[in-house]
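**Student:** predicted model, plus sequence, below.
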Amino acid sequence: MSLTYVIKEGVSGFRRTRLASITSIVALTIAVLLVGLMARFGYNGYEVVQTMKESIEVEVFLLDIDSGRTDRIAADLQSYPIVTETEYVSKDKAEEIFREEFGAEGESLADLNFLPASYRLHLTPDANAKEIREMVAEVEQFQGVDEVVFNQELLETLEERLELLTMAGIGIGLFILFTAIVLVFNTIRLTIYAKRNIIRTMKLVGATNGFIRRPFLLEGLIQGAIAAAIANGLHWLLFHLVIPYYIPQFGVLSWPMGEWYYLTGGMVLLSLIMGLWGSRWAARKFISQTAIG
């Protein structure tokens, strides 16, 4: 009997405050859709930055040393956690690379024996500028090492831009979500106000606050579920029809974690939580006040 009552009253709230409910659902839809879009664009931006970071190499130039010392340097370099691979470039290989890169000008140089041998270090994607600087400072002290070179400025710029975009995305996302929750809060508040006389009567016959709150919580969940369905539908339309037609290069953006259901499930869960949170906030605040009145 109580379950039937909760469902009936939860759905009836839409009829009593139709305009407010529609406004709340629209706000939730926009909020969840924007967060989903930000998550997808942000994830792909993160992937681009990681790919660019992987292309940054540390090059360790060696003095004229014997093979034994060269092998010991390789072992020491490989011992660093941020180093995934050490690639040895001999003098002959360095000469070959020089001639390929400089073409006719390189071919005109008969003797390129001045080019040193080196190690190219491939690093983990999560290696940051501070860790690389610390490693470079230590490697420069190795016996037999002449110079260590890496594009520090590019790496620091990438990290700064990624941090800025992350903080901006989090800030905007939280603002959007808070706005949507406030609208759900106001919708449930209006519903409670419309039923204030019924709530007082229920209190007189012994109904608990928890029992009275349930229909309003259900109403918030229903709003969240409707908004999630609409937001995911719009997301699919945007990335399968609209964006590929007008901006083809954005139509191939990958899904976070490589699968569609992670983001879709996250959007559904987020919408339900916001609907429940907003309704619970309003119900806890105004039902007790109505009871006192």
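**Tutor:** Nice, I can see it.
**Student:** quick one: low-confidence parts of this protein?
**Tutor:** For the chain, applying pLDDT under 70 flags the ranges 1-2, 5, 10, 13-14, 97-114, 249-251, 288-293.
**Student:** please enumerate the strands of the chain.
**Tutor:** Along the chain, counting by DSSP state E, strands occupy 58-62, 83-89, 118-123, 145-149.
**Student:** for Tyr245, which of those is the nearest?
**Tutor:** When the strands of the chain are compared by Cβ to Cβ, strand 118-123 sits nearest Tyr245, at 39.3 Å. All C-beta spots, glycine's among them, are computed from the backbone N, C-alpha and C.
**Student:** name every strand pairing with that closest one and say which way it goes.
**Tutor:** strand 58-62 (antiparallel), strand 83-89 (antiparallel) (DSSP bridges).
**Student:** burial count for the residue lying closest to Ile172 once chain neighbours are set aside?
**Tutor:** Closest residue to Ile172 apart from its sequence neighbours, by Cβ to Cβ, 6 or more residues apart in numbering: Met38 at 7.1 Å. Met38 has 17 neighbouring residues, counting by other Cβ atoms under 10 Å.
**Student:** list the contacts of Leu121.
**Tutor:** Leu121 is in contact with Glu57, Val58, Glu59, Val60, Leu77, Val83, Glu85, Thr86, Glu87, counting by Cβ atoms under 8 Å, 6 or more residues apart in numbering.
**Student:** domain assignment for this protein?
**Tutor:** The chain breaks down by automatic domain parsing into domains covering 2-51+157-292, 57-150.
**Student:** out of these, deepest packed?
**Tutor:** Per residue and on average, the most neighbours among these fall to domain 2-51+157-292, with a mean of 17 (mean count of other Cβ atoms under 10 Å).
**Student:** off-centre distance for that domain?
**Tutor:** 18 Å (Cα atoms, centre = their mean, to the nearest Å).
**Student:** now Phe150: phi and psi?
**Tutor:** Note on Phe150: its backbone torsions stand at phi -160, psi 160 [degrees, to the nearest 10].
**Student:** surely it and Ile132 touch.
**Tutor:** Yes: at 6.3 Å, Phe150 counts as touching Ile132 under the criterion of Cβ atoms under 8 Å.
**Student:** if I look at those two, which residues touch both of them?
**Tutor:** Val58.
**Student:** show me what the lengthiest helix in the chain is packed up against.
**Tutor:** Longest helix in the chain, counting residues (DSSP state H): helix 152-194. Counting contacts by 3 or more Cβ pairs under 8 Å, 6 or more residues apart in numbering; DSSP states H and E, helix 152-194 is packed against helix 2-16, helix 18-55, helix 129-139, helix 209-237, helix 260-292.
**Student:** quick one: closest of these to Glu160.
**Tutor:** With respect to Glu160, and counting by Cβ to Cβ, the nearest of the helices and strands packed on helix 152-194 is helix 129-139 at 9.4 Å.
**Student:** so how far is the closest one off the chain centroid?
**Tutor:** So, by Cα atoms, centre = their mean, the centroid of helix 129-139 is 28 Å from its chain's centroid.
**Student:** just the CA atoms of that helix, as CSV, please.
**Tutor:** Listed next in CSV are the C-alpha coordinates belonging to helix 129-139 (Å, rounded to 0.1, in the frame of the first residue of the first chain):
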residue,chain,number,x,y,z
ALA,A,129,58.9,18.1,-15.8
LYS,A,130,60.2,18.0,-12.2
GLU,A,131,61.0,14.3,-12.3
ILE,A,132,62.8,14.7,-15.7
ARG,A,133,64.8,17.7,-14.5
GLU,A,134,65.9,15.7,-11.4
MET,A,135,66.9,12.8,-13.6
VAL,A,136,68.8,15.0,-16.1
ALA,A,137,70.7,16.7,-13.2
GLU,A,138,71.9,13.2,-12.0
VAL,A,139,72.7,11.9,-15.5
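**Student:** that one - contacts with which helices or strands?
**Tutor:** Packing contacts for helix 129-139, counted by 3+ Cβ pairs under 8 Å, 6+ apart, involve strand 58-62, strand 145-149, helix 152-194.
**Student:** could you dump these into CSV and include distance to Pro248?
**Tutor:** Shown next, in CSV, are these (distance: least, Cβ to Cβ, whole Å):
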stretch, distance to Pro248
strand 58-62, 37
strand 145-149, 39
helix 152-194, 23
